[in-house]
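Asks: Give me a model of this one.
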Amino acid sequence: MALVHPRIHILGTGGIGSLFAYHFHKHGIPWTALLRRPPNTKEGHPSLSYMDCTALDKRSAEPKHIERIAWEPTFPLIDQEVFSNDLVYQKKMQQPIHQLLVATKAYQTVDALSRIKHRLRPWSTIVLMQNGMGIKDEVCRAMGWHSARDRPNFVQGIISHGARRTDSTVVHTGQGTVWISACIDTIAQSSSDILRPKRNHIFDERHQTPNNPYPTLRPLSSSLRSVQYPSDWNPAFVSPFVTPSVPSYLPLSDDKEIARLRTKSLHETLANFCRLSTDLSLRLVVPADLLARQLQKLVVNSCLNPIGTLLQVPNGELQTPKASAVVKALLAEAHGIIIQSEEYQLLPPEQQATLTLDKLTDTTFQIIRDTQSNYNSTLQDYRNGSPQSELDYMNGTLIKMAQQSGASAELNTKVRDQVGTMFSSPR
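Replies: Have a look, this model is predicted:
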């Protein structure tokens, strides 16, 4: 039996979201854009063009077009103020979302997800592809997903590709890598293990070697292939002036059935992303590997983004003696914070060894050299008029770690606050 690939919904169709959208289309994976406002087209359907500018010999390549993109609103099609509690304003807005890629800015995530919360199920799989750390825990608190039965699956990813979107065109500006992993080690911290997708049901780690350290996706068992997602229960029309007191689906009481649905959904989502392995250099990794890479990227971004933004310069300018001295001071403080963090303590010794100060310094300045002409994402947000930066999920995360362990975060606090003042001041 062929593996069914359910439709992926994309929340956040900027550069990164649109980059994935194009490659989903290329590989025949159905997807739908979730939009905050109607498309500004006569046909009522948005389109997308993709341009590959990752190499000099590709700069003159013709853009590739996707016409009539499927889309659904995250806004009511009727008066939002009058019918603010009406959850049946459109049939599609009652249908469940089984696979969701979130590529919004980190600070936009909670608000964006709150608009589609009623379409998410305990067996939905949410892929977070964003800068910073701590977003998953913030989402769970804000959505009220306190129990394992309520909480969807989560997959977290790190992407180093460069992409920007202008109007309906996404420009792939720099080749990079994507690392993804299932959040299966902490998905049910306070609940029975039966609700937790099992690591050996997802990852096949038998054939890893020093030259190929990545696991593969274990084939989905025949028993899980036959599992059917529950049919949604369509309630009678709900008065637009009364908050509905009934859920939009029949909740399951069988923990084993929930676990089977979760494992199937998680596997199908990872399988869809793994089909992009060649195009986007996508690597499936085990949770500890991803956590180490998240900590590494957290440190790098927390040094490059605030300094590049305060100086308003491309990355290459951070090699000057004065700028590099500040970057190195931030690196030293960030390293002192992460090695005392709970996250670092969860890592096995081989992963901890990738986070020495020398290795973090080498990685940071190699990125500076490789992206000399690039402006960091925080500076781009500032120049685009954004009212808020993502530093609360970069330097802010380091500050929270320091508060928990008693480490010093004086420099990180200083640069975060200075960038915050920039964003809140008139431009």
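Asks: List the buried residues of the helix or strand harbouring residue 379.
Replies: Element membership of residue 379, judged by DSSP states H and E, is helix 377-383. In terms of neighbour count (16 or more other CB atoms under 10 Å), helix 377-383 has its buried residues at 377, 378, 379, 381, 382. Backbone N, C-alpha and C define where each C-beta goes, glycine included.
Asks: check contacts around the first one.
Replies: By CB atoms under 8 Å, 6 or more residues apart in numbering, residue 377 lies in contact with 131, 305, 390.
Asks: Secondary structure class of the first one, three-state.
Replies: Just to be clear, that refers to residue 131. Using DSSP: H, G, I helix; E, B strand; the rest coil, the secondary structure recorded for residue 131 is coil.
Asks: wait, it sits on residue 394?
Replies: Yes. Between residue 131 and residue 394 there is a contact under CB atoms under 8 Å: 6.6 Å.
Asks: Overlap of the contact sets of those two?
Replies: Taking CB under 8 Å, 6+ apart as the contact rule, the neighbours common to residue 131 and residue 394 are residue 301.
Asks: OK, contacts around residue 229?
Replies: Residue 229 neighbours (CB under 8 Å, 6+ apart): 96, 98, 123, 261, 265.
Asks: what do you get if the cut-off is 7 Å, keeping everything else the same?
Replies: 98, 123, 261 (CB atoms under 7 Å, 6 or more residues apart in numbering).
Asks: Distance of it relative to residue 257?
Replies: Going from residue 229 to residue 257 by CB to CB, to the nearest Å gives 11 Å.
Asks: Same check on residue 316?
Replies: 55 Å.
Asks: closest to residue 173 among the contacts of residue 377?
Replies: residue 131 (16.5 Å; CB to CB).
Asks: The closest one: what's its closest spatial neighbour, skipping adjacent residues?
Replies: What sits nearest to residue 131 in space, not counting adjacent residues and going by CB to CB, 6 or more residues apart in numbering, is residue 390, at 5.2 Å.
Asks: Can you point out the helix or strand that includes residue 295?
Replies: helix 287-311.
Asks: in that helix, what's buried?
Replies: Using 16+ other CB under 10 Å as the burial criterion, the residues of helix 287-311 that qualify are 287-310.
Asks: Which members of the contacts of residue 229 are positioned in strands?
Replies: Using DSSP state E to define strands, no part of the contacts of residue 229 is located there.
Asks: where does the residue lying closest to residue 406 once chain neighbours are set aside sit relative to residue 70, distance-wise?
Replies: Leaving aside its sequence neighbours, residue 406 sits nearest to residue 340 (CB to CB, 6+ apart; 7.7 Å). Residue 340 sits 47 Å away from residue 70, going by CB to CB.
Asks: How about residue 320?
Replies: 48 Å.
Asks: now do residue 418
Replies: Counting by CB to CB, the gap from residue 418 to residue 70 is 43 Å.
Asks: What of residue 14?
Replies: Taking CB to CB as the measure, residue 14 falls 18 Å from residue 70.
Asks: In contact with residue 379: list those residues for me.
Replies: Going by CB under 7 Å, 6+ apart, residue 379 touches 308, 309, 312.
Asks: For the stretch 301-427 of the chain, which segments count as strands?
Replies: Read by DSSP state E, counting those that start in this stretch, the stretch 301-427 of the chain holds no strands at all.
Asks: per-domain residue ranges of the protein.
Replies: The chain breaks down into these domains under automatic domain parsing: 8-285, 288-424.
Asks: Just put these in CSV and tack on mean pLDDT.
Replies: Below are these laid out as CSV (pLDDT from 0 to 100):
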stretch, mean pLDDT
domain 8-285, 80
domain 288-424, 95
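Asks: ok, how many other residues are close to residue 69?
Replies: Residue 69 is flanked by 21 other residues according to other CB atoms under 10 Å.
Asks: what about it, distance to residue 102?
Replies: Applying CB to CB, the value for residue 69 to residue 102 is 18 Å.
Asks: just residue 54 next, same as before
Replies: Distance of residue 54 to residue 102, computed by CB to CB: 24 Å.
Asks: Which one of those two is surrounded by more residues?
Replies: residue 102 (24 against 17).
Asks: List every C-alpha atom in stretch 140-152, with coordinates, as PDB.
Replies: Only the C-alpha atoms of stretch 140-152 are listed here, as PDB (Å, rounded to 0.1, in the frame of the first residue of the first chain):
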ATOM      1  CA  CYS A 140       1.900  25.100  24.700                       C
ATOM      2  CA  ARG A 141       1.300  27.500  27.600                       C
ATOM      3  CA  ALA A 142      -0.600  30.000  25.500                       C
ATOM      4  CA  MET A 143      -2.800  27.400  23.800                       C
ATOM      5  CA  GLY A 144      -3.600  25.700  27.100                       C
ATOM      6  CA  TRP A 145      -2.000  22.400  25.900                       C
ATOM      7  CA  HIS A 146      -1.000  21.300  29.400                       C
ATOM      8  CA  SER A 147      -1.700  17.600  29.000                       C
ATOM      9  CA  ALA A 148      -0.200  15.100  26.600                       C
ATOM     10  CA  ARG A 149      -3.700  14.300  25.300                       C
ATOM     11  CA  ASP A 150      -4.300  17.900  24.200                       C
ATOM     12  CA  ARG A 151      -0.900  18.600  22.900                       C
ATOM     13  CA  PRO A 152      -0.100  18.000  19.200                       C
END
